[in-house]
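>>> 3D, please:
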Amino acid sequence: MSFSLRHPSSLLIFIALFGFLSLFRPCACSSRNFLNTSAAVLGASPAEATWYGSAHGAGSDGICEITREIVFTAPFSSMIAAGGPSLYKSGKGRGACYQVSCTSNAACSGNPGTLVITDECPGSPCASGAVYFDLSETAFWAMAKPGQEETLRAAGAIQVQFSTGENPNP
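Residues are numbered from 1 along each chain as shown. This is a model prediction of the structure:
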């Protein structure tokens, strides 16, 4: 069986496309559901968080130029967030993993969980200068005690603790 190159331009297009796509940071963080671990996130810093999107939704219609269906499945499992400017970093922060824990509201479980920055949260209050997470509603609800999801949702903006997360499935 021999290989023949019928359309040399196809090879050049493939090489150019591969080179272009390699410039983007891959979305590699695995976003598992919030875990039953200690309430304290080691080395955590304060931040603000809100939610966006529909109930039990993934927040956005697409992340990292991929389709909505992928957002709902592992490794993302709808555990995504849009980051304010200090997290999104003009696109360089896309794909970064964070451990986030909610402890400022009576409805918070205090259990930390991993999420991935997929989008930018533009404008106010995201650009307030503080570290800001705009979580998918699935990620926001996951921070609540069982049966307290609507109470936490009604709080709107909440204080959270965060630290850089590691990809549990490298």
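>>> pLDDT on stretch 101-108, on average?
Stretch 101-108 shows a mean pLDDT of 92.
>>> Check which residues of it are buried.
Across stretch 101-108, burial judged by 16 or more other CB atoms under 10 Å covers S101, C102, T103, S104, N105, A107, C108. C-beta here means a position set from N, CA and C on the backbone, and glycine is covered the same way.
>>> ok, and what's touching it?
Contact with stretch 101-108 is made by 39-41, 44, 49, 109-113, 143-145, 148-149, 151-152, 155, 158-162, as judged by CB atoms under 8 Å, 6 or more residues apart in numbering.
>>> could you redo the last one with a cut-off of 7 Å?
39, 41, 44, 110-112, 143-145, 148, 151-152, 155, 158-161 (CB atoms under 7 Å, 6 or more residues apart in numbering).
>>> What's the end-to-end length of it?
Taking CA to CA, to the nearest Å, stretch 101-108 runs 8 Å from one end to the other.
>>> Please apply the same query to stretch 105-119.
26 Å.
>>> For that stretch, buried residues please.
105, 107-119.
>>> related to what we said a few turns ago, list only buried entries from the contacts of stretch 101-108.
Buried among those by 16+ other CB under 10 Å: 41, 44, 110-112, 143-145, 148, 152, 155, 158, 160-161.
>>> If we only consider the residues you listed, which is nearest to M79?
Nearest to M79 out of the buried ones among the contacts of stretch 101-108 is M143 (CB to CB; 10.7 Å).
>>> Output the lowest mean pLDDT helix or strand found in this protein.
When each helix and strand of the chain is scored by mean pLDDT, DSSP states H and E, helix 8-21 comes last, with a mean of 45.
>>> Beyond that helix, next helix or strand please.
strand 45-52 (DSSP states H and E).
>>> Mind pulling up the pLDDT for V160?
Residue-level pLDDT assigned to V160 equals 94.
>>> I figured it hits A49, correct?
Yes. Using CB atoms under 7 Å, V160 is in contact with A49, at 4.6 Å.
>>> shared neighbours of those two, anything?
Contacts common to V160 and A49, judged by CB under 7 Å, 6+ apart, are F133.
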